[in-house]
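J.: sequence and predicted structure below; questions after.
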Amino acid sequence: MSNYHIKNLEEYFQVYRKSVREPENFWEEIAEEHFVWREKWNKVLEWDFKKPEIKWFEGAKFNITENCLDRFLPMRKDKTAILFEPNDPEVEAEHITYSQLHERVCRMANVLIEGGIEKGDRVCIYLPMIPELAISVLACARIGAIHSVVFAGFSSSALAARINDCDAQCVITSDGSFRGDKVIDLKGIVDQALQECTGVKTVYVVERTGNKIEMENGRDKWLQPLLDEAYADCDAVVMDAEDPLFILYTSGSTGKPKGMVHSCAGYMVYAAYTFKNIFQYKEGDIYWCTADIGWITGHSYIVYGPLLNGATTVMFEGVPSYPDYDRFWQVVEKHKVNQFYTAPTAIRALAKEKLEYVEKYDLTSLKVLGTVGEPINEEAWHWYNNNVGKGKSPIVDTWWQTETGGIMISPIPYVTPTTPTYATLPFIGVQPALMDDEGNEIKGNQVSGKLCIKFPWPSMARTIWGDHERFRNTYFDVFENKYFTGDGALRDGVGYYRITGRVDDVIIVSGHNLGTAPIEDSINEHPAVAESAVVGFPHEIKGNALYGFVILKETGESRDRENLRKEINLQIAEQIGPIAKLQKIQFVPGLPKTRSGKIMRRILRKIASNDAENLGDISTLLNPEIVEDIKAEVL
Ligand code: PRX
């Protein structure tokens, strides 16, 4: 039996038991046998959830890019590492082999070194889904610089906040990005952001769209000429196991995004091991994850996980609806994709279109289908299973988070029998617990509670950049000695987990994790607005959409409501990004509040979901009468 590649349910249970009973032995074996190290660790695991402090493989020395690239050069140098499918289907796909990728990463690393970037410096990457994005990520890792990828759909203010939070010294961007038939001026967004960021010395610009941009003398540099001149080899900087590898921002319950810090060794081991098993990747397979590298899914399962296994990973620049709604299926047929990993929101959007879009393609290459980012509803699950998988490809509903670094609860295809809407069983080494509101663990099956993890796993985030206190408060102070996920879950009669959704102020819209606080801050900055509250409500395609309850200032009362709605949404789009726009905006005379002044979002959620019949006891509110006023005007 190989612990590295699980092939049946019996093996799963055996390996799982071992990973829980002897976690250190278990992970040590995996790390020893499947990765290359310059020096071995002194201790496999040290942890204290109170501080919290988590260290895996301390003392080990290595570089993750040697594990992604160099070690494959002897056997796989001509194998495609990245298969780049451009936005325009008429433009040929690009096959980047392991040796070409190695060379391009080394050149990029040398450009960064030449620009004064050193181990530990932060590099902000704000790029569309083009090969340079993956290459920049790996180039940072090669020289020990900490990459902070910011999703290229974020606005200039959101970008500026992320650049300033981690004091990034340099930004890598492009002259623009293609999105369907549109060209987006990314460089213009960077220019605007940098008016608020004094620490950025250099901006490297990839030429992608050819549209006209401003280049600031001394600061902005076209990347290609520098790459052409750079030396094609670059020694990897030797990293300690616990050195930070990257920062990735996620929303929280305050306006300030949380820069989750992931470290090198544990992340590598877990990303690689989960990828191998959860996608049952076999040599020669073509694997495609449709996420953006701006999210954790792209970090772990487009770049690191696949490359650590010597896989071929598809990088798709486009969108599912351009030139038409068959684009995903056309790419699956064209590249004979074997594993396909996407978001429920994309499935729901495509399921609304004609079936011919799917039926006209040969999808027989598919062996594994995956979903991630939000709960998948039963209807979408069946559509995916019947029409894409033709009932033959198991669906892995993978639950995890930016904070967890890798997949935590998921079926293993062809191993774990799947059940629609269930993420099923914990992955190897993961010890979930359901908690009640009094802080007790709920044992047994057929129960539900707040989802925690009670033992460290290798790829968990180590801190929030610059704010360890917040890391502790958010994740380790809620339940003693446990990592709190912020999600609710149920465990059914056979022990399968089903994630029921967030239990905090984070709303998942189209798979994007949005905090209500930054959106409310943005609305409140509008001169006509006095106060606001944002909640989620069910939406057919997005899963959830945002509903804003807005109190106007007296001076705003006379304004045209439709114009105000447009202005508020424009402001949100500018300050956060279009993904955070409100679906509905209701102007209200007041908000339901507790006596201590806290907004009762539970009530607003019910009203927004048209489920206001049974609101429970509202007599404890400071202003119970407001509830009827709001209900009467619901949109
Ligand atoms: O609420 C859960 C939901 O997405 C949250 C994490 O979001 P983010 O950090 O952006 O990472 C998304 C990609 C890993 C979780 O707390 N979520 C993620 N996967 C699932 C899910 N909810 C239900 N089922 C899932 N499979």
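T.: Done, it's in.
J.: could you report the distance from Val506 to the ligand?
T.: Distance of Val506 to the ligand, computed by CB to the nearest ligand atom, to the nearest Å: 7 Å. C-beta here means a position set from N, CA and C on the backbone, and glycine is covered the same way.
J.: going forward, begin numbering at 418 instead of 1
T.: Right, with 418 as the first residue, what we last looked at is Val923.
J.: what's the burial count for that residue?
T.: For Val923, the tally of surrounding residues (other CB atoms under 10 Å) stands at 19.
J.: beta partners of it?
T.: Gly932 (DSSP bridges).
J.: residue contacts, it?
T.: Ser668, Gly669, Ser670, Gly903, Asn930, Leu931, Gly932, Thr933 (CB atoms under 8 Å, 6 or more residues apart in numbering).
J.: emit the PyMOL select command for whichever of the residues you listed are buried.
T.: Selection of buried members from these for PyMOL, criterion 16 or more other CB atoms under 10 Å:
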select buried, resi 668+669+903+930+931+932+933
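J.: so which of the contacts of Val923 reach the ligand?
T.: For the ligand, the contacts drawn from the contacts of Val923 by CB under 6 Å from any ligand atom are Gly903, Asn930.
J.: among the contacts of Val923, which one has the lowest pLDDT?
T.: Among the contacts of Val923, Ser670 has the lowest pLDDT, at 66.
J.: list the contacts for the closest residue in space to Val566 that isn't next to it in sequence?
T.: The shortest distance from Val566 to any non-neighbouring residue, by CB to CB, 6 or more residues apart in numbering, is to Ile542 (4.6 Å). Applying CB under 8 Å, 6+ apart to Ile542 gives the contacts Leu550, Ser553, Val554, Cys557, His564, Ser565, Val566, Val567, Val588, Ile589, Thr590.
J.: of the residues you listed, which belong to helices?
T.: Leu550, Ser553, Val554, Cys557 (DSSP state H).
J.: narrow those to just the buried residues.
T.: Members of these classed as buried by 16+ other CB under 10 Å are Leu550, Ser553, Val554, Cys557.
J.: Gln818 against Ile713, yeah?
T.: Yes - counting by CB atoms under 8 Å, Gln818 does reach Ile713; the two are 7.4 Å apart.
J.: intersection of neighbour lists for the two?
T.: What both Gln818 and Ile713 touch, as defined by CB under 8 Å, 6+ apart, is the set Thr667.
J.: which one's more surrounded, these two?
T.: Ile713 (27 against 19).
J.: residues touching Lys771, list them.
T.: Neighbours of Lys771 in contact, by CB under 8 Å, 6+ apart: Tyr742.
J.: try 10 Å
T.: Tyr742, Asp743, Lys777 (CB atoms under 10 Å, 6 or more residues apart in numbering).
J.: ditto for Asp921
T.: Asp921 is in contact with Gly669, Ser670, Lys867, Thr891, Val895, Phe901, Thr902, Gly903, Asp904, Gly905, Gly932, Thr933, counting by CB under 10 Å, 6+ apart.
J.: what's the answer for Ser1013, then?
T.: By CB under 10 Å, 6+ apart, the contact set of Ser1013 is Leu1039.
J.: burial count for the closest residue in space to Ile719 that isn't next to it in sequence?
T.: Leaving aside its sequence neighbours, Ile719 sits nearest to Cys706 (CB to CB, 6+ apart; 5.0 Å). Cys706 has 27 neighbouring residues, counting by other CB under 10 Å.
J.: ok, Cys706 to Tyr721 distance?
T.: Using CB to CB, to the nearest Å, one gets 12 Å for the distance from Cys706 to Tyr721.
J.: name the residues contacting each of those two.
T.: Common neighbours of Cys706 and Tyr721, using CB under 10 Å, 6+ apart, are Phe692, Gly715, Thr730.
J.: what about the chain, any weak spots by pLDDT?
T.: For the chain, the stretches with pLDDT under 70 are 418-419, 670-672.
J.: around the ligand, pick out the residues from it.
T.: Contact residues (CB under 6 Å from any ligand atom) of the chain with the ligand: 667, 713-714, 789-792, 814-819, 840, 902-904, 916, 919, 925, 930.
J.: go with 8 Å
T.: Within the chain, the positions adjacent to the ligand are 667-668, 708, 712-714, 761, 788-793, 814-821, 824, 826-827, 840, 902-904, 916, 918-919, 923, 925, 928-930 by CB under 8 Å from any ligand atom.
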